[in-house]
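Trainee: with the sequence up front, the predicted model follows.
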Amino acid sequence: MKQTARAADDGLKLSAWLPYRLFLVAAQVARPLESFYSETFGLSQAGWRILAVIAERDAANASEIGRACALDPFATSRGIGQLTELGFAVRRAGKTDRRFAAVSITRSGRTAFNRIAALGSAIEARLLARLSESERATLDSTLTRLEDESARIDAGGWRTLLEDAGAP
């Protein structure tokens, strides 16, 4: 008969782990937004992210889009393809190197983006309404620091984390 391991008092508790708590908040507010853009416009999650990026950065190439959306090249290519099929984006060959196509939002893409962004803004406003002005300022500066540190963690990889922690 197998014995079950007892929970360690000093181990990671998922429900209290900051990255998991941040994930839960993001997932819970993303679901209604995803339902809206999926049902209304037939967009995938990658398609929505890419649409949001090209709404902000006209004529971005696939590599820039992939980095901004944290998508792998395959998902980026599929998302761009979806947007062009829906008429939300156009792809133009690069001026100096045809391998680097520029992706731009179309008028119908801008209309779709604005409708989705309005719902996203409503979600954000509802979340922020729970915080005081000083809490919002603290949250903003805290998230900036966490974004910076998470980028350093990502760049260093797990081996660096274990070395820094003195783990064998």
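Mentor: Yep, that arrived.
Trainee: alpha carbons only for contacts and neighbour counts from here, please
Mentor: OK.
Trainee: secondary structure element holding the residue nearest to Ala46 when sequence neighbours are not counted?
Mentor: Using CA to CA, 6 or more residues apart in numbering and skipping residues adjacent in sequence, the residue nearest Ala46 is Gly79, 5.4 Å away. Gly79 is part of helix 73-86, with elements assigned from DSSP states H and E.
Trainee: distance from that helix to the middle of the chain?
Mentor: Offset of helix 73-86 from its chain centre (CA atoms, centre = their mean, to the nearest Å): 16 Å.
Trainee: again with stretch 136-144
Mentor: How far stretch 136-144 lies from its chain's middle: 18 Å, per CA atoms, centre = their mean.
Trainee: how close does the residue nearest to the spatial centre of the chain sit to Thr138?
Mentor: Residue closest to the mean C-alpha point of the chain, counted by CA atoms, centre = their mean, is Cys69 at 5.5 Å. The gap separating Cys69 from Thr138 is 25 Å, by CA to CA, to the nearest Å.
Trainee: so the residue nearest to the centre of the chain sits against Ile50, correct?
Mentor: Yes: contact status for Cys69 versus Ile50: in contact at 6.7 Å, counting by CA atoms under 8 Å.
Trainee: which residue ranges form the strands in the protein?
Mentor: With DSSP state E as the criterion, the chain has strands at 60-61, 89-92, 102-105.
Trainee: ok, the first one: who's next to it in the sheet?
Mentor: Meaning strand 60-61. Strands that pair with strand 60-61, judged by DSSP bridges, come out as strand 102-105 (antiparallel).
Trainee: average pLDDT for the partner strand?
Mentor: On average, the pLDDT along strand 102-105 is 96.
Trainee: what's the answer for stretch 12-22, then?
Mentor: For stretch 12-22, the per-residue pLDDT averages 95.
Trainee: endpoints of that stretch, how far apart?
Mentor: 15 Å.
Trainee: which residues are contacting it?
Mentor: Counting contacts by CA atoms under 8 Å, 6 or more residues apart in numbering, no residue outside stretch 12-22 touches it.
Trainee: kindly list the longest helix within the chain.
Mentor: If you go by DSSP state H, the chain has its longest helix at helix 133-165.
Trainee: what's that helix packed up against?
Mentor: Of the remaining helices and strands, none touches helix 133-165 by 3 or more CA pairs under 8 Å, 6 or more residues apart in numbering; DSSP states H and E.
Trainee: circling back: for the residue nearest to the centre of the chain, give me its contacts.
Mentor: Cys69 touches 46, 49-50, 53, counting by CA under 8 Å, 6+ apart.
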